[in-house]
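Visitor: quick one, structure for this:
(one chain, ligands or ions: 2)
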Amino acid sequence: MISFKNISKSYQIGDQEVNALKNVSFEIEQGEFTVILGPSGSGKSTALNILGGIDKATSGTFLFDGVAINALSDAKLSDYRRDIVGFVFQFYNLIPSLTALENVGIAAQLTGNQALAAPFLESVGLSHRKNNFPAQLSGGEMQRVSIARALAKKPKLLLCDEPTGALDSVTGLKIIDILRKASESSDTAVVMVTHNAEFAQLAHKVIRLHDGEVATIEKNSGPAALS
Ligand code: ADP
Ligand code: ADP
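Guide: Ligands and ions are numbered 1, 2, ... in the order given. Okay, here's the model as predicted:
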């Protein structure tokens, strides 16, 4: 489904060149929950931004279902971001004046499926919070709403940037469990970026980056379930 082949990305800062990614290659299958793991500055966000069509590789090939995303026009790239990709952020990015259900409904409406909002909120275990506003929810609950919102768009690729970064470890593991189950119960590939190795245990695949290079790729056929 996704193939990164010798992807490199460099940034020019003044007369200095920063090589954020160097010949990075990996594959991600449909329904797979992949964690990109590495310390700060290892290139995780750069990889996620390229996957999401927000940034373009300097060289190499990024294929999505056989299409070379790095060769698309800006208009086609914007279609890719809108139709194929969903995003989950560290700080939730919910609309404060809308309830949990309305926040999810915003994404469902995009695809003409307003009625889908409630089941998506249910799928993250938050039906009982549907009429609460973000300020009335805990961090873990806000992240669950933001995952439901992203899933309601029915993305083929769900990209999560440190989704547990603002949560305690127990709440974070619950979020990871929800992401893994989402990948297993839909056609969505879930890719999550984190610097926290504790969260990698539930992934189907762990891609470790170090200094912009792939250090290891581990496959985990039977990830430990939390419950
Ligand atoms: P991580 O997400 O693992 O912390 P990043 O992908 O953000 O790593 O960064 C990798 C390297 O690329 C770092 O050295 C960072 O400073 C550099 N970098 C990232 N984005 C930019 C940018 N927009 N301009 C210049 N350098 C950047
Ligand atoms: P978590 O472990 O998920 O971070 P918290 O300990 O923060 O949960 O919250 C526990 C419960 O209290 C949650 O169900 C949450 O919805 C509720 N809660 C937290 N803050 C508020 C608030 N400001 N108003 C109403 N309910 C709240």
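Visitor: CA atoms for contacts and neighbours, from now on please.
Guide: OK.
Visitor: so for Ala200, what's the pLDDT?
Guide: We have a pLDDT of 85 for Ala200.
Visitor: so it is in contact with Val35, correct?
Guide: Yes - between Ala200 and Val35 there is a contact under CA atoms under 8 Å: 6.2 Å.
Visitor: which one of those two has more residues nearby?
Guide: When Ala200 and Val35 are compared for neighbours, Val35 comes out ahead with 28 against 25, by other CA atoms under 10 Å.
Visitor: immediately after the helix or strand the more buried one falls within, which helix or strand?
Guide: In the assignment (DSSP states H and E), Val35 maps to strand 33-37. Per DSSP H and E, the first helix or strand lying C-terminal to strand 33-37 is helix 44-51.
Visitor: can you list the buried residues in that following helix?
Guide: Neighbour-count burial for helix 44-51 flags 44-48, 50-51 (criterion: 16 or more other CA atoms under 10 Å).
Visitor: residues in contact with Leu48?
Guide: Contacts of Leu48 were listed using CA atoms under 8 Å, 6 or more residues apart in numbering, and they are 159, 161, 193.
Visitor: what's the helix or strand of the chain with the lowest mean pLDDT packed up against?
Guide: Lowest by mean pLDDT, DSSP states H and E among the helices and strands of the chain is helix 100-110, with a mean of 84. Judged by 3 or more CA pairs under 8 Å, 6 or more residues apart in numbering; DSSP states H and E, helix 100-110 is in contact with helix 117-123, helix 139-152.
Visitor: among those, which comes closest to ligand 1?
Guide: Among the helices and strands packed on helix 100-110, helix 139-152 comes nearest to ligand 1, with 19.8 Å by CA to the nearest ligand atom.
Visitor: pLDDT averaged over that closest one - what is it?
Guide: Here the average pLDDT along helix 139-152 is 94.
Visitor: may I have it exported as CSV, CA atoms only?
Guide: Provided in CSV are the C-alpha atoms of helix 139-152 (Å, rounded to 0.1, in the frame of the first residue of the first chain):
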residue,chain,number,x,y,z
GLY,A,139,-7.0,14.7,28.0
GLY,A,140,-7.5,11.1,27.2
GLU,A,141,-11.1,11.7,26.3
MET,A,142,-10.2,14.7,24.1
GLN,A,143,-7.8,12.5,22.2
ARG,A,144,-10.4,9.8,21.7
VAL,A,145,-12.8,12.4,20.2
SER,A,146,-10.0,13.6,17.9
ILE,A,147,-9.4,10.0,16.8
ALA,A,148,-13.1,9.5,16.2
ARG,A,149,-13.2,12.7,14.2
ALA,A,150,-10.2,11.5,12.1
LEU,A,151,-11.8,8.0,11.5
ALA,A,152,-15.1,9.5,10.5
